[in-house]
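*Asks:* sequence first, then the predicted structure:
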Amino acid sequence: MKKSIFVLALSMSILTMHAQNDRTALEGTRPGDNWSIELKAGAVTPLTHSSFLKNARPAFGFGIGKQLTPIFGLGIQGMGYVNTSASKTAFDASEVSLLGKVNLMNLFGGYMGEPRVFEIETLTGIGWLHYYQNGPGDTNSWSTRLGLNLNFNLGEEKAWTFGIKPAIVYDMQGDFSKTKSRFNANNATFELTAGLTYHFICSNGSHHFTTVKPYDPVEVGELNDAVNRLRSQLSDKDMQLSNAVQQANNLQKELADCRTQAANIETVVKTNRIPESIITFRQGKSVVDASQLPNVERVAIYMKKHPEAKVVIKGYASPEGNLAFNEKLVKKYKINDTRITAEGQGIGDMFSEPDWNRVSICTIEEGK
């Protein structure tokens, strides 16, 4: 008994140190992480003086487990055995034990961030062994369990484990008073069971431990510097963006002001003004003075450029003036006289000054 207690204490101390060393490199180490439940069934037979297949009897079990690290785990399980004695009770014996497990694959090969498809665990435990008898004759003892778990982790998330579990269970009390031996094969049974285990989801979102990169102060300092630089750049960009937005708002306002202003439209009407000349005469004269020749030339030049045009001459106060103007156009400027119409208008009264009414008015008529 002292030997088994020493082995269990040593295992617990190693377990604790390993958990402390790996805590910074693992996720899923909270108290509520890495819990599992297990159902198993199989057969049990005496370890000595019997044939396994001939003397096998049913065995059933239920367990709850907690994985402390990828290597070490704890569990508690209850087992029930049928027809292992001459008792007429439903169960002939039961065992409730506290278990410690060591994952050999992770112990020697290291943890890869998730369980392997196939793993081997060693199992040790101590428990309370109870024998059921007809009437008041039940007896109690204590047990030691030594075994292996051959585990197959199923699925992509490794949430389920199917295991084949051979084990030897010693009745530590047995006939100790006679043999003085705790680990007596004559007081032991051999179990072979198969079990299905479900692993509950952890705080890291997985059903098992996951690895994380250990904290590196130098790298964290460099990352902080990079973050500060990015923040400074972001602040500059925010200022540039604010200026650009302000400029865009100003342009938008100017555009709105332009749209709301009434457009000043200058309409230019181009007309074809037909020239009209007024030629004045001296009192008692019917000839055109030299000062009036530019007015005559203007009419003549227009008629040369526009052969289809005709001129109507309306003379006032003296009809001879009209004839003199007619002769000027015909002789000097070679204007066909058929294009000239002279009309005497008698004494003119268009103007208040009498001398101003002694005129000839030349009006151009466009050809049709």
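*Replies:* That came through fine.
*Asks:* which strands or helices does the host helix or strand of Trp142 pack on?
*Replies:* Element membership of Trp142, judged by DSSP states H and E, is strand 139-154. Strand 139-154 sits against strand 93-103, strand 118-131, strand 160-171, with contacts defined as 3 or more CB pairs under 8 Å, 6 or more residues apart in numbering; DSSP states H and E. C-beta: built from backbone N, CA, C; applies to glycine.
*Asks:* now with 10 Å?
*Replies:* Counting contacts by 3 or more CB pairs under 10 Å, 6 or more residues apart in numbering; DSSP states H and E, strand 139-154 packs against helix 2-22, strand 72-81, strand 93-103, helix 104-109, strand 118-131, strand 160-171, strand 188-199.
*Asks:* so it versus strand 93-103, what angle?
*Replies:* Angle of strand 139-154 versus strand 93-103, following axes from the mean of the first three to the mean of the last three CA atoms, to 10 degrees, is 40 degrees.
*Asks:* sheet partners, orientation included, of strand 139-154?
*Replies:* Taking DSSP bridges as the criterion, strand 139-154 pairs within the sheet with strand 118-131 (antiparallel), strand 160-171 (antiparallel).
*Asks:* in it, which residues are buried?
*Replies:* For strand 139-154, the neighbour count (16 or more other CB atoms under 10 Å) marks Ser141, Trp142, Ser143, Thr144, Arg145, Leu146, Gly147, Asn149, Asn151, Asn153 as buried.
*Asks:* out of the residues you listed, which comes closest to Lys66?
*Replies:* Of all those, Asn149 has the smallest distance to Lys66: 14.9 Å, by CB to CB.
*Asks:* mind listing the residues bridging to the closest one?
*Replies:* Assigned bridge partners for Asn149, using DSSP bridges, are Glu121.
*Asks:* hmm, Thr197 and it touching each other?
*Replies:* Yes: here Asn149 reaches Thr197: they are 9.2 Å apart, a contact under CB atoms under 10 Å.
*Asks:* anything in contact with each of these two?
*Replies:* Common contacts of Asn149 and Thr197 (CB atoms under 10 Å, 6 or more residues apart in numbering): Glu38, Thr161, Gly163.
*Asks:* sorry, back to before: would you reformat the helices and strands packed on strand 139-154 as CSV and include distance to Ser232 and mean pLDDT?
*Replies:* Conversion of the helices and strands packed on strand 139-154 to CSV gives the following (distance: least, CB to CB, whole Å; pLDDT from 0 to 100):
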stretch, distance to Ser232, mean pLDDT
helix 2-22, 38, 48
strand 72-81, 48, 95
strand 93-103, 49, 95
helix 104-109, 46, 94
strand 118-131, 51, 95
strand 160-171, 51, 96
strand 188-199, 47, 95
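*Asks:* nearest to Asp236, of those?
*Replies:* Across these, closest to Asp236 is helix 2-22 (CB to CB), at 43.8 Å.
*Asks:* so after the closest one, what's the next helix or strand?
*Replies:* Heading C-terminal from helix 2-22 (DSSP H and E), you reach strand 26-27.
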